[in-house]
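Asks: build the 3D model from these lines:
(chains A and B)
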Amino acid sequence: MRRFLAVRLVQSLATLLLLSLAVFILARATGDPLSLILPMAATEEDYANARRYLGLDRPLPEQYVSFLVRAARGDFGTSLRARRPVNELLRERFPNSLKLAGFAMALSLLVAFPLGVAAAARKGTLVDTAAKTVAALGQALPTFFVGIVLIEVVAGRLQWLPAGGTGGLAHYVLPGVTLGWFVLAGLMRLLRSSVLEVLDADYVRTARAKGATERAVVWRHALRNALIPVVTFAGVSFAILVTTAVVVETVFAWPGMGRLAYEAISGRDFPVIQAVVLVTGAVVAAVNLAVDLLYVWIDPRIRYG
Amino acid sequence: MRRSTLTSLLVLCLVTAAPAWAQPSPGELTVVLSSLSTEALDPILAGHIVKFYLSLMFDYLVGATPDGQLSRDGGVATRWEASADGKRWTFHLRRGVRFHTGDELTAEDVKFSILRALGPRSTTGYAQGLRQLVKEIETPAPDRVVIVTKDTTAMIPTLLSRLLSTEGMILPKQYVEAKGDDGFARAPVGSGPYRFVEQVSGSHVRLEAVPSHWRLGTPKYKTVVFKAVPEETTRIAMLRRGEADVVEISRERMKEVAGAGYPVHLRREDGQIEGWFVQPWAQTPIRDKRVREALNLAIDRKELAETVFGGQASPAAVPFGLSWSFPEIKFKITPEMVYAHDPGRAKRLLADAGYANGFPIDIFAFQLPGFPEGRAMAEAIAGYWQHVGLKPRLIPVDYPAFRKQWFDRTAPGALGYYNIANRDWIGTYALIDKYAAPSAKSASIRDPELDSLMDAVIHQADREKTYALMRSIFNRLRSEHLGLPLVYYHTPYATSKRVPRWNPGAIMYELNVDELLAGK
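Replies: Residues are numbered from 1 along each chain as shown, chains lettered A, B, ... in the order given. Predicted structure coming up:
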């Protein structure tokens, strides 16, 4: 297991290194941030001064090495747009994204499990049809549409819940439902098909033959063996929710990582773009590692190393 | 157990969601805008785009009235005068003005603030112009500042006033030096009626009233929150739910919001939609005055105003002719100046210029903050030009991508546009300079006669002669068709029912929130 962890760690670091190079080059290929920062009347001299002040006058390899060394120490430089340390921005935004993604994930897991399992156990019944409809809508309706409808109806007309921004638990409901519904749809469909597949397996028939109740067959024997693809999907979805919920964060005025990325890209804010991409990469790598470790817990037959 | 946990969660949600709790506290004013721009808190890093909240935290050297005139009541300077040669401007400071640290504001703070605004770290809009003008700053007494200029000029008070950018905001010298630039940018201190409390990037800026202030007395609201909410549906829902007092709305949804019973307030002629041609256009058909006139005559401005801008705009006539500058310099748009929609004459002019079969012309299509109609307008212009025989090509981009091509001059003769905020005549002069000065990256006009008029203005101390020169500049821009003036647009804001009356004012990038807060 230790060897496995060491190998995965090295792989993750290599991926992050490649990612850092890619984002460093691509961000600079999109345009000069100074043309957005400096006033229109700025002269060549002003541009030269600003380049020197912001360290953009140094050769690219030197800028890259400097960025890597500082990033390794957890220092992502200063935002060109907000002129604040990028770390400060990440500290403000990352927890917001984590909390919203956590809420959305919890919501979708809470609904997807009973619904997915019930749909599989009662295939072809009204419950199955209802579950499939919820899943189809969740995957078919764009999140911006769901979000705007919820805001218009629940916040605007019924005035039950806040329309946007961060705050108490009530502020999580509408963005959480919007984000969670999409994940819930995928989770539920996957869970339904995995459980259906397992329900036909020999050991399930054996369990039934031994007189186990249907509830025990489904929840104890079938579900655990159907979990591997579901956990993988949930892990990847969580990483995506944390880092790239741009649309939902924009619609609900939620100050998270997705909006930070969008603002940074619009403003050609290199340091922030680099930091957001690296943090995203690190989150994905960490979640993947966590999912791999969960496999061992779910299925004791799995061994690493 | 599980059921009880779920029930508790549900109850918690409903309790925290109760509409009564969502009302802003009576002592709080919430202003919800689509963006807080760069969200910078240091005036020299921000410029005019965030002065709507900075002007509550800081006092200006020279104040302004809501209708856009310099004011002796609204700034730190109670009076000012120029020497006979127009090279020494003396400002007399208000006594007893204190920063939020408790320190008294003195001439040293004024000198420090202006020099800092002109320094290399500054990216404000008028710093460059001030650098060219200011020679030195003297502080003969704690309540007197003398700004010595390199040349005769009448512009100093306006350049350091609330009418323009943030160069005139006064900062506490001791505090900034103690905290350093970065420390100050995170925890700014000014002498304005509200002090900085909190900033959450991407979310809001919260300010708190000082007990009593010479500008606003004891403000009506203890706190003011400026929130960034990009989606309009969300902003309107916040208004309905009582989570906001002032919200930015689009021209498109103005009637709907007014119909729901919310007061809608217009900032009339908030800006001008101006088109221009990317330099260098000496080798393109744009160099021909007849072509430029034809391009203007092909456009139906009334139709644009009625359709694309939902009736919340009016035709513009003079390139870069920002209307808030007209009254002071006594410039009037005559009926002959207004471009008629005359496709027939446009075709004839094109034929006279040798382009009877038209020519290809690129139009960059992008949206801008406060100008969501950008792409639709570009498509409409392409339609008008196609109708007179031109071959327009729409290039959908985001604004930064267009700006790069504009500044790098890699798309000669292509059309770009901007929603230029309206402003007084000195601001307008500075703006024209940005489009006309040969050394500026943004230069889009090349006209030697205009250059000489522009040069004459800056060296003229006599007010009437300066006004006459400004009128000549506008006449020259119009007669040579040195741009594509399209419309003056009005910007709507909706307010909650507890804010029935409000004049959003006529100061560039300001919202006159002072009027909502003033307690005296």
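
Asks: only C-alpha atoms from now on, for both contacts and neighbour counts.
Replies: Will do.

Asks: ok, residue B:44 touching residue B:126?
Replies: No. Applying CA atoms under 8 Å as the test, residue B:44 and residue B:126 come out as separate, 10.5 Å apart.

Asks: which residues are in contact with each of the two?
Replies: residue B:167 (CA atoms under 8 Å, 6 or more residues apart in numbering or on different chains).

Asks: shaky segments in the stretch 1-150 of chain B?
Replies: For the stretch 1-150 of chain B, residues meeting the criterion pLDDT under 70 lie at B:1-26.

Asks: now the helices for it?
Replies: In the stretch 1-150 of chain B, the helices defined using DSSP state H, counting those that start in this stretch lie at B:2-17, B:19-22, B:43-46, B:51-57, B:107-118, B:127-133.

Asks: report how many residues lie close to the residue of chain B found nearest chain A.
Replies: Closest residue of chain B to chain A, CA to the nearest CA: residue B:237 (4.1 Å). Other residues near residue B:237 number 25, with proximity taken as other CA atoms under 10 Å in any protein chain shown.

Asks: helix or strand for it, which one?
Replies: According to DSSP states H and E, residue B:237 maps onto helix B:232-240.

Asks: report all helices and strands that the helix or strand following that helix contacts.
Replies: The helix or strand immediately downstream of helix B:232-240 is strand B:246-248, counting by DSSP H and E. Applying 3 or more CA pairs under 8 Å, 6 or more residues apart in numbering or on different chains; DSSP states H and E, one finds that strand B:246-248 makes contact with strand B:28-33, helix B:232-240, strand B:484-495.

Asks: what's the following helix or strand after strand B:246-248?
Replies: Counting by DSSP H and E, the next helix or strand C-terminal to strand B:246-248 is helix B:254-259.

Asks: what's the next secondary structure element after that following helix?
Replies: Following helix B:254-259 in sequence order, the next helix or strand is strand B:264-277 (DSSP H and E).

Asks: quick one: that following strand to strand B:484-495, angle?
Replies: With axes from the mean of the first three to the mean of the last three CA atoms, to 10 degrees defining the directions, strand B:264-277 sits at 160 degrees from strand B:484-495.

Asks: just for the stretch 201-305 of chain A, where's the confidence low?
Replies: Using pLDDT under 70, the flagged stretches of the stretch 201-305 of chain A are A:302-305.

Asks: what about the helices in it?
Replies: Under DSSP H, counting those that start in this stretch, the stretch 201-305 of chain A gives helices at A:202-209, A:214-216, A:223-244, A:246-251, A:257-266, A:270-298.

Asks: looking at the ones you listed, which is buried most?
Replies: Highest mean neighbour count of the helices of the stretch 201-305 of chain A: helix A:246-251, a mean of 24 (counted as mean count of other CA atoms under 10 Å in any protein chain shown).

Asks: tell me which other helices or strands that helix touches.
Replies: When contacts are defined as 3+ CA pairs under 8 Å, 6+ apart, helix A:246-251 packs onto helix A:143-150, helix A:170-199, helix A:257-266.

Asks: okay if I get these as JSON lines plus distance to residue B:373?
Replies: As requested, the helices and strands packed on helix A:246-251 are arranged in JSON lines below (distance: least, CA to CA, whole Å):
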{"stretch": "helix A:143-150", "distance to residue B:373": "20"}
{"stretch": "helix A:170-199", "distance to residue B:373": "28"}
{"stretch": "helix A:257-266", "distance to residue B:373": "18"}
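
Asks: shaky segments in chain B?
Replies: Across chain B (using pLDDT under 70), the flagged ranges come out as B:1-26, B:520.

Asks: could you redo the last one with a cut-off of 80?
Replies: In the predicted model of chain B, residues B:1-26, B:46-47, B:439, B:519-520 satisfy pLDDT under 80.

Asks: and what of the stretch 1-150 of chain A?
Replies: For the stretch 1-150 of chain A, the ranges with pLDDT under 80 are A:1-2, A:27-47, A:49-50, A:53-55.

Asks: what are the boundaries of the helices in it?
Replies: Using DSSP H, counting those that start in this stretch, the helices found in the stretch 1-150 of chain A span residues A:2-29, A:34-37, A:44-54, A:60-72, A:86-121, A:126-140, A:143-150.

Asks: for those helices, which one sits closest to residue B:137?
Replies: Nearest to residue B:137, of all the helices of the stretch 1-150 of chain A, is helix A:44-54, at 22.4 Å by CA to CA.

Asks: can you point out the buried residues in the closest one?
Replies: Neighbour counts over helix A:44-54 (16 or more other CA atoms under 10 Å in any protein chain shown) mark A:46-47, A:49-50, A:54 as buried.

Asks: near chain B, which of the residues you listed show up?
Replies: Residues of these in contact with chain B (CA under 8 Å from any CA of the partner chain): A:49-50.

Asks: what's the most distant pair in the buried residues of helix A:44-54?
Replies: Among the buried residues of helix A:44-54, A:46 and A:54 lie farthest apart (CA to CA), at 12.1 Å.

Asks: tally up the residues packed near residue A:110, please.
Replies: By other CA under 10 Å, 12 other residues sit near residue A:110.

Asks: re the thing from before, if I look at the residue of chain B closest to chain A, how far off is residue A:155?
Replies: Per CA to CA, to the nearest Å, residue B:237 is found 6 Å from residue A:155.

Asks: now do residue B:120
Replies: With CA to CA as the criterion, residue B:120 and residue A:155 are 47 Å apart.

Asks: show me what contacts residue A:266?
Replies: With CA under 8 Å, 6+ apart, residue A:266 has these contacts: residue B:400.

Asks: okay, and the common contacts of residue B:237 and residue A:155?
Replies: The contact sets of residue B:237 and residue A:155 overlap at residue A:163 (CA under 8 Å, 6+ apart).

Asks: that older thread, residue B:309: which of the helices and strands packed on strand B:246-248 is closest?
Replies: The nearest among those, by CA to CA, is strand B:484-495 at 7.6 Å.

Asks: got the CA coordinates for the closest one in CSV?
Replies: Only the C-alpha atoms of strand B:484-495 are listed here, as CSV (Å, rounded to 0.1, in the frame of the first residue of the first chain):
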residue,chain,number,x,y,z
LEU,B,484,-19.2,56.6,-35.9
PRO,B,485,-21.4,58.4,-33.3
LEU,B,486,-24.3,56.0,-32.7
VAL,B,487,-26.6,56.7,-29.7
TYR,B,488,-26.7,58.2,-26.3
TYR,B,489,-28.0,55.4,-24.0
HIS,B,490,-29.9,55.7,-20.7
THR,B,491,-29.1,53.3,-17.9
PRO,B,492,-31.9,52.2,-15.7
TYR,B,493,-31.7,51.3,-12.0
ALA,B,494,-34.6,49.9,-9.9
THR,B,495,-35.1,50.6,-6.2
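
Asks: run me through the strand neighbours of that strand, direction for each.
Replies: strand B:246-248 (antiparallel), strand B:264-277 (antiparallel), strand B:313-315 (antiparallel) (DSSP bridges).

Asks: quick one: the ones you listed as JSON lines, columns for mean neighbour count too.
Replies: Output for the strands paired with strand B:484-495, formatted as JSON lines (neighbours: other CA atoms under 10 Å in any protein chain shown):
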{"stretch": "strand B:246-248", "mean neighbour count": "25"}
{"stretch": "strand B:264-277", "mean neighbour count": "22"}
{"stretch": "strand B:313-315", "mean neighbour count": "23"}
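
Asks: for stretch B:465-481, buried residues please.
Replies: Applying a neighbour-count criterion of 16+ other CA under 10 Å, one finds B:466-467, B:469-478, B:480-481 buried in stretch B:465-481.

Asks: and for stretch B:132-140?
Replies: B:133-134, B:137, B:139.

Asks: quick one: distance of that stretch to the chain centre.
Replies: Offset of stretch B:132-140 from its chain centre (CA atoms, centre = their mean, to the nearest Å): 27 Å.

Asks: which outside residues touch it?
Replies: Outside stretch B:132-140, the residues touching it (CA under 8 Å, 6+ apart) are B:107-108, B:111, B:145-151.

Asks: surely residue B:272 touches residue B:491?
Replies: No. The criterion here is CA under 8 Å, and residue B:272 misses it with residue B:491 at 11.2 Å.
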